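Student: for reference, the sequence and a predicted model appear below.
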Number of protein chains: 2
Amino acid sequence: MKSVKKIINEPQNAVPEMVDGLVRAYPQYLERIPGSEAMVRSDKDSMIGKVGIVSGGGSGHEPSHAGFVGKGMLSAAVAGQVFTSPTPDQIYAAIKAADHGKGVFLVIKNYSGDVMNFDMAKDMAELDDIKIKSIIVNDDIAVEDSLYTQGRRGVAGTVLMHKLVGAAADQGASLDEIEKLAKAALPHISTIAVALSAATVPEVGKPGFTLADDEIEYGVGIHSEPGYRREKIKSSKKLVSELLAKINQEQHLDPKHQYAVLINGMGATPLMEQYIFSHDLLDQLETQNIKPVFMKVGNYMTSIEMAGISLTVFELADSTWLKYLNYPVETIAW
Amino acid sequence: MKSVKKIINEPQNAVPEMVDGLVRAYPQYLERIPGSEAMVRSDKDSMIGKVGIVSGGGSGHEPSHAGFVGKGMLSAAVAGQVFTSPTPDQIYAAIKAADHGKGVFLVIKNYSGDVMNFDMAKDMAELDDIKIKSIIVNDDIAVEDSLYTQGRRGVAGTVLMHKLVGAAADQGASLDEIEKLAKAALPHISTIAVALSAATVPEVGKPGFTLADDEIEYGVGIHSEPGYRREKIKSSKKLVSELLAKINQEQHLDPKHQYAVLINGMGATPLMEQYIFSHDLLDQLETQNIKPVFMKVGNYMTSIEMAGISLTVFELADSTWLKYLNYPVETIAW
């Protein structure tokens, strides 16, 4: 059998070894919950009296989700096998570690496996009298229904949701207030991506799909789910036009509103390309008289070594949301 | 002509468009120096009374160097064409913007073009009565002399140098003190890399070298310069053994000393692999009774979309150096 060209050992150990490397490299932020691939903030005292925020999902999206664990953002994160939902008992372990009597809020990306397993973990926690609320993030406007999803998929916009609810929790918001915030913000977050290449899951050993040397695909998901159109590679300006047109169809961008923008590299996309894409995006937004009031560019929700980029636009319909985005955090990756 | 599969427009505009995207996405950190590809801190007032720190080099190493411009780190950075030294006039523009009467310290990676052009810029600045000192970083222990270098190349350890001198400058160190610090630290910083694939310069349109599907090369530079050995892909544990043995030959790691470690992805290497590598590194250091007191893992000094990883070990021979590494900064990418 040909080896996979990756810096790994046995493919089936990739996730536990990754979690081990992560918590040992960053003990100031993270502790592993014994017997699990769940990680909790190491500054436990500063979580006291506050609602816990838990997220997670399949591995392969690093720095999501453990890279966002820390003061002002997530309380705990749980890492499933690559592109596979974490099990209910692991999610439950993260919930227990994040609970300090004020309840725990779950941020779940909309994949059938995640929704089911987080739901089971929620039932387990409620038997323990831990109050739980949750939001299912479905920001990907590319397609309705998908390989692993009913409705729309949860992608990079999830990181903005982490930031919002994490900031609110750190400032003492109640579980009900956090749920209200998340529900209010969700419909204003839209994401769409373009892929230049596919990801290879270590245990599978070959890419999840193939594109010709000069071919791209719009709307691909973060687990190699199909998008909506393939065509020859275009200039950055034309890629921006395509993705921004989709965002406009959804959100009807309006210069009277304020917007935050997240440009997200999918894993193998150089920052150089992400910044060029930013340049073109800002130019094209300018023709609509829109200038984002908040912007981040980098690798936040990846798909292993997929080359590609996603654009998330978040309409800041409530003035507190910008404050939450700018609220200071102590994490590895925000 | 076949298009290059990159998110770019005209290849010859990649750098100016990248710089434009960067400064517009992050106006809170960066301002473009008019008429140049040099960028300076936008919080100019907080540089007053302090030594300026300037670095830069060819583009393609993002987030280096502009991602490290900000309070506590660099005052200005200058971006040359891809893998090409910036011109003396652009470096001079960065020096002028960084000077606030206390002099300017230059952090230069050891490539013949950079050394020559920074030297010419230094001469230009001295004619303006700006005091200049500099350090030439040559942390790559893989090979002596190389395609573009006499002696050893400057690679990811440069980012640690930025951090040290930036922290000292922010705390009011004089130009002489900063030079002394940089000279003292330099011999304690060693880096070595392994490449799994090569980078493609946009204007060239094909990879700088080729490796077979199952082949890796130890000691490759950040501009596709040759390394010291090719062989079939190995497990992460074996890659760590090879690289750590080279570091040990150079530094004779000793449990009586304190070490900082930087694990650096070269562009297309997933964080998952970087964390697995971290796990194996920490295991193998443990057999030498060594536990790093400071660690960073991520993409700091990339080579466009090269897959590969570098290991930097920095012996903290002076107790202030750890404080400098931990000193708070306000940058895009530290």
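Tutor: Received the coordinates, thanks.

Student: spit out the contact partners of the closest residue to residue A:102 other than its chain neighbours.
Tutor: Closest residue to residue A:102 apart from its sequence neighbours, by CB to CB, 6 or more residues apart in numbering or on different chains: residue A:51 at 4.7 Å. No exception for glycine: its C-beta is placed from N, CA and C like everyone else's. Residues near residue A:51 by CB atoms under 8 Å, 6 or more residues apart in numbering or on different chains: A:102-105, A:169, A:173-175, A:178.

Student: residue ranges in the stretch 201-334 of chain A under the pLDDT threshold?
Tutor: Within the stretch 201-334 of chain A, no stretch has pLDDT under 70.

Student: tell me the SS of residue A:310?
Tutor: strand (DSSP: H, G, I helix; E, B strand; the rest coil).

Student: and for the residue in the stretch 51-200 of chain A positioned nearest to chain B, the neighbour number?
Tutor: Distances between the stretch 51-200 of chain A and chain B by CB to the nearest CB are smallest at residue A:62, namely 3.7 Å. Residues near residue A:62, counting by other CB atoms under 10 Å in any protein chain shown, number 26.

Student: from residue B:312, how far off is the closest residue to it other than its chain neighbours?
Tutor: Nearest residue to residue A:62 in three dimensions, chain neighbours excluded: residue B:271, at 3.7 Å (CB to CB, 6+ apart). Residue B:271 sits at a distance of 17 Å from residue B:312 (criterion: CB to CB, to the nearest Å).

Student: now residue A:174
Tutor: Taking CB to CB, one finds residue A:174 at 45 Å from residue B:312.

Student: what does residue A:79 give?
Tutor: In terms of CB to CB, residue A:79 sits 26 Å off from residue B:312.

Student: would you mark the buried spots in stretch A:42-51?
Tutor: A:47, A:50-51 (16 or more other CB atoms under 10 Å in any protein chain shown).

Student: ditto for stretch A:181-195
Tutor: Quick answer for stretch A:181-195 (16+ other CB under 10 Å): A:181-182, A:185-186, A:188-195.

Student: what of stretch A:235-242?
Tutor: So, applying 16+ other CB under 10 Å, buried residues of stretch A:235-242: A:235-237, A:239-240, A:242.

Student: tell me if it is near chain B.
Tutor: Yes - counting by CB under 8 Å from any CB of the partner chain, chain B is contacted by stretch A:235-242 at A:235-237, A:239.

Student: which one among the residues you listed gets closest to residue A:155?
Tutor: Using CB to CB, residue A:239 comes nearest to residue A:155 of the residues of stretch A:235-242 next to chain B, at 16.7 Å.

Student: leaving out the residues flanking it, which one is nearest to that closest one?
Tutor: residue A:194 (5.6 Å).

Student: near chain B, which residues of the stretch 1-150 of chain A?
Tutor: Selection of the stretch 1-150 of chain A residues close to chain B by CB under 8 Å from any CB yields A:2-3, A:5-9, A:14, A:17-22, A:24-26, A:59-60, A:62-63, A:67, A:82.

Student: count of neighbours near residue A:255?
Tutor: Neighbour count of residue A:255, defined by other CB under 10 Å: 11.

Student: phi first, then psi, for residue A:74.
Tutor: Per-residue torsions, residue A:74: phi -90, psi 150 (degrees, to the nearest 10).

Student: ok now do it, which residues does it touch?
Tutor: Counting by CB under 8 Å, 6+ apart, residue A:74 makes contact with A:41, A:53-55, A:65, A:68, A:107, A:162, A:166, A:331.

Student: ok, residue A:174 and residue B:312, which is more surrounded?
Tutor: Higher neighbour count among residue A:174 and residue B:312: residue B:312, with 27 against 16, using other CB under 10 Å.

Student: quick one: the strands in the stretch 1-150 of chain A?
Tutor: In the stretch 1-150 of chain A, the strands defined using DSSP state E, counting those that start in this stretch lie at A:30-32, A:38-41, A:52-59, A:76-82, A:104-109, A:132-137.

Student: mean pLDDT for the ones you listed - can I get that in TSV?
Tutor: Formatted as TSV, the strands of the stretch 1-150 of chain A follow (pLDDT from 0 to 100):
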stretch	mean pLDDT
strand A:30-32	98
strand A:38-41	98
strand A:52-59	98
strand A:76-82	98
strand A:104-109	98
strand A:132-137	98
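
Student: show me how chain A divides into domains.
Tutor: A:12-187, A:188-326 (automatic domain parsing).

Student: which residue ranges form the helices in chain A?
Tutor: A:14-25, A:88-98, A:112-127, A:157-170, A:175-185, A:236-251, A:271-287, A:319-326 (DSSP state H).

Student: pick the most buried one from those.
Tutor: Compared across the helices of chain A, helix A:157-170 shows the largest average neighbour count, a mean of 27 (mean count of other CB atoms under 10 Å in any protein chain shown).

Student: ok, it near chain B or not?
Tutor: No - Helix A:157-170 stays clear of chain B (CB under 8 Å from any CB), getting no nearer than 14.1 Å.

Student: any idea of the angle that helix forms with strand A:132-137?
Tutor: 150 degrees (axes from the mean of the first three to the mean of the last three CA atoms, to 10 degrees).

Student: and the gap between the closest residue to residue A:46 other than its chain neighbours and residue B:297?
Tutor: Spatially, and ignoring its direct neighbours in sequence, residue A:46 is nearest to residue A:71 (5.8 Å; CB to CB, 6+ apart). Noted for residue A:71: a distance of 20 Å to residue B:297, by CB to CB.

Student: show me which of these two is the more surrounded one.
Tutor: Regarding residue A:71 and residue B:297, a neighbour count based on other CB under 10 Å identifies residue B:297 as having more, with 22 against 17.

Student: thought that one was touching residue B:271?
Tutor: Yes - between residue B:297 and residue B:271 a contact is recorded at 7.4 Å, counting by CB atoms under 8 Å.
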